[in-house]
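Undergrad: the sequence and its predicted three-dimensional model are supplied below.
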Amino acid sequence: MKIDWAALGSVFGVSLAVTVGLVALFTLGVMGLSRRERAVAQGNSATLAVTGAYVAFAGCAAAVAYGINLIMAKG
């Protein structure tokens, strides 16, 4: 058996980049919800923060759905 180290490294790099990206996107969503809570406590509107949080969470859900689709299509 011969291991293709370049392909293995490529898979590792892509999976690491996607993982970091998803964590960053989820963090942005949580930060948006946190800003909403702070704005509500101060009596301000937080429409932009809530919209950004929903967009970030939708992006996370889309990435997870795409990953599941890739797994199911190959099986």
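TA: Structure's in. What do you need?

Undergrad: what sits against Val18?
TA: Applying C-beta atoms under 8 Å, 6 or more residues apart in numbering, we find Val18 in contact with Ala63. Backbone N, C-alpha and C define where each C-beta goes, glycine included.

Undergrad: so Ile3: helix, strand or coil?
TA: Of the three states, Ile3 takes coil under DSSP: H, G, I helix; E, B strand; the rest coil.

Undergrad: grab the nearest non-local neighbour of Ala49.
TA: Residue nearest to Ala49 in three dimensions, not counting chain neighbours: Arg35, with 4.0 Å by C-beta to C-beta, 6 or more residues apart in numbering.

Undergrad: hang on, I meant Ala56
TA: Leaving out its chain neighbours, the residue that sits closest to Ala56 by C-beta to C-beta, 6+ apart is Gly29, at 3.5 Å.

Undergrad: buried ones in the helix or strand that contains Ala41?
TA: Using DSSP states H and E, Ala41 falls within helix 5-42. If you call a residue buried by 16 or more other C-beta atoms under 10 Å, then helix 5-42 has these buried ones: 25, 28-29, 32-33, 35-36, 39.

Undergrad: out of those, the closest to Val11 would be?
TA: Minimum distance to Val11 across these is 21.0 Å, recorded for Leu25 (C-beta to C-beta).

Undergrad: pretty sure that closest one sits against Ala58.
TA: No. Using C-beta atoms under 8 Å, Leu25 makes no contact with Ala58, being 9.7 Å away.
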